[in-house]
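J.: everything below, folded, please.
(4 chains)
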Protein chains: 2
Amino acid sequence: MNSRDEIINAACQVFAKLGFRGCTTRRIADAAGVNEVTIFRQFGSKEALIREAMKMIHSVGLTPLPDVPSDPEHELTRWSESFIQHLRLRSSIIRKTMSEMEERPEMCEHASYVPRQASADLCHYLTALKRQGRTAERFEPKTAAAMLMGAIFADAMGRQMMPDVYPQPEEKAAQMYTRFLLKALGVENGTRRTTNKQTKRTKQLSA
Amino acid sequence: MNSRDEIINAACQVFAKLGFRGCTTRRIADAAGVNEVTIFRQFGSKEALIREAMKMIHSVGLTPLPDVPSDPEHELTRWSESFIQHLRLRSSIIRKTMSEMEERPEMCEHASYVPRQASADLCHYLTALKRQGRTAERFEPKTAAAMLMGAIFADAMGRQMMPDVYPQPEEKAAQMYTRFLLKALGVENGTRRTTNKQTKRTKQLSA
DNA sequence: GGTGTAAGCAAGTGACCACTTGCATTCCTG
DNA sequence: CAGGAATGCAAGTGGTCACTTGCTTACACC
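T.: Numbering: from 1, shown residues only, chains lettered A, B, ... in the order given. Now for the predicted structure:
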């Protein structure tokens, strides 16, 4: 690992703890085990370093959702779990980035890429589910997606601060939110059954 | 309005824009139209001033939820709307406060009071709804509350950054989230049904 | 063995930070 | 009108900030 990567790595850690204003070049240099001048020789300025560090840390792929839903509960639960884990691992950085939204909007550009993509994927999946006729209730995919993602986001951001507000245990939370969503859509448990009856049945249940 | 209040007011504004580290005593003094020394004479230190400002801005009452649910859709929608409005009006400050969680946990103490209370109120209401036998689905109140509050929180914090992810129009969002919740609980639209059983039970509850 | 490149070290620059001091001004009250 | 409290103003203090400069060291490659 060369000094450049060490510095970027350290910058991410210090930024996550202290935010832009708190992450001084001295602190980054100390964390990286590097002389402060090296930072300026490598990146030119603190701004440029942080920009690079943010680009790095937010460039991740999500667990994909199948194009054609087959087992919604299983597929959505897995997706929710990977999404909540992504957010939890980065919760400090995300909080810092969001708080600097007004001052440094270009940083948010990077940070918002993953949730934007996640929302689009989820909407697409829910729309497909609807088209398959496997949802008993009428619903707007965007609202449904905002509910699930909102619950996951709030959990990832806030559980540390107020653990008593969120469902226990932490590890089951994503699954519980997912089940709740499916209940609202009127989707049955289990894998896909391709009968007409099913639609009828779930409608009766909710009536 | 005396200078003390002017300073606290200005501190809130500057903090909302720049966070703790960015809200310098010089900037606060300028915003308040006051000499910088006055701040130190009145509050002793920047820390003390910000503490006081945060105490002030987070001390608010929520729209109450009735002890005995009568018209869930109406009551919950009104509550959600007041909650989302509360968060939206303070979104900048909340983002800054959350980002300073690790460094200044005592600040979060104040900030978490309202959402804690909101969660408790909502859980209480949903439990009452369940006891009235007006929910067709089985559900855990805490999970349901976390879903609704999470959606509202994420909307209030994130819509500015990624408006395309949240349902439109903005003013109807709280209502849409609420309806979605009620669908998941299997609660009927409209006002309370007055079969014998239910009337008795609720009367007992409220007594 | 000479050369170029990346890194360290020490020192310094001007700007800003929280906070202090001393003194002048204003205004209210007894 | 006298006295005290609240405020303004100018200046200063020690600290930290991002960033620069000049010089030295270490290692890699021809």
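J.: alongside DNA strand D, which residues does chain A contribute?
T.: A:23-27, A:36-37, A:40, A:44-47 (C-beta under 7 Å from any atom of the strand). All C-beta spots, glycine's among them, are computed from the backbone N, C-alpha and C.
J.: can you give me the helices in chain A?
T.: For chain A, the helices defined by DSSP state H cover A:3-22, A:25-32, A:36-43, A:46-58, A:72-89, A:91-99, A:105-111, A:113-131, A:141-158, A:173-185, A:197-206.
J.: in terms of secondary structure, what does the first one contact?
T.: It refers to helix A:3-22. helix A:25-32, helix A:36-43, helix A:46-58, helix A:91-99, helix B:3-22 (3 or more C-beta pairs under 8 Å, 6 or more residues apart in numbering or on different chains; DSSP states H and E).
J.: so which of these is the most surrounded?
T.: helix A:91-99 (a mean of 23; mean count of other C-beta atoms under 10 Å in any protein chain shown).
J.: so which elements touch that one?
T.: Using 3+ C-beta pairs under 8 Å, 6+ apart: helix A:91-99 touches helix A:3-22, helix A:105-111, helix A:141-158, helix B:91-99.
J.: what sits up against that helix?
T.: For helix A:91-99, the external contacting residues (C-beta atoms under 8 Å, 6 or more residues apart in numbering or on different chains) are A:12, A:15-20, A:54, A:57, A:87, A:107-108, A:111, A:156-157, A:160, B:19, B:95-96, B:98-102, B:157-158, B:161.
J.: mind doing that once more with 7 Å?
T.: Here helix A:91-99 makes contact (C-beta atoms under 7 Å, 6 or more residues apart in numbering or on different chains) with A:15-17, A:19, A:57, A:87, A:107-108, A:111, A:156-157, B:19, B:95-96, B:98-99, B:101-102, B:157.
J.: that one to helix A:141-158, inter-axis angle?
T.: In terms of direction (axes from the mean of the first three to the mean of the last three C-alpha atoms, to 10 degrees), helix A:91-99 departs from helix A:141-158 by 120 degrees.
J.: distance from helix A:91-99 to the middle of the chain?
T.: From the chain centre to the centre of helix A:91-99 is a distance of 12 Å (C-alpha atoms, centre = their mean, to the nearest Å).
J.: quick one: work out the angle between it and helix A:72-89.
T.: 80 degrees.
J.: ranking the helices and strands packed on helix A:91-99 by mean pLDDT, which is last?
T.: Among the helices and strands packed on helix A:91-99, helix A:105-111 has the lowest mean pLDDT, at a mean of 91.
J.: and that one, what's buried?
T.: A:107-108, A:110-111 (16 or more other C-beta atoms under 10 Å in any protein chain shown).
J.: what about stretch A:96-103, how long is it end to end?
T.: 12 Å (C-alpha to C-alpha, to the nearest Å).
J.: any part of it near DNA strand C?
T.: No: using C-beta under 7 Å from any atom of the strand, stretch A:96-103 stays clear of DNA strand C, coming no nearer than 13.2 Å.
J.: ok now that stretch, how far from the chain's centre?
T.: How far stretch A:96-103 lies from its chain's middle: 17 Å, per C-alpha atoms, centre = their mean.
J.: and if you look at stretch A:23-34?
T.: How far stretch A:23-34 lies from its chain's middle: 28 Å, per C-alpha atoms, centre = their mean.
J.: got a list of contacts for it?
T.: A:3, A:6-7, A:10-11, A:13-15, A:35-36, A:39, A:46.
J.: need the residues of chain A next to DNA strand D in CSV with pLDDT, can you?
T.: Formatted as CSV, those follow (pLDDT from 0 to 100):
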residue, pLDDT
A:C23, 97
A:T24, 98
A:T25, 98
A:R26, 97
A:R27, 98
A:E36, 97
A:V37, 97
A:F40, 97
A:G44, 96
A:S45, 97
A:K46, 98
A:E47, 97
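J.: tell me which two of those residues sit farthest apart.
T.: A:R27 and A:G44 (18.3 Å; C-beta to C-beta).
J.: right, I'll call it a day here.
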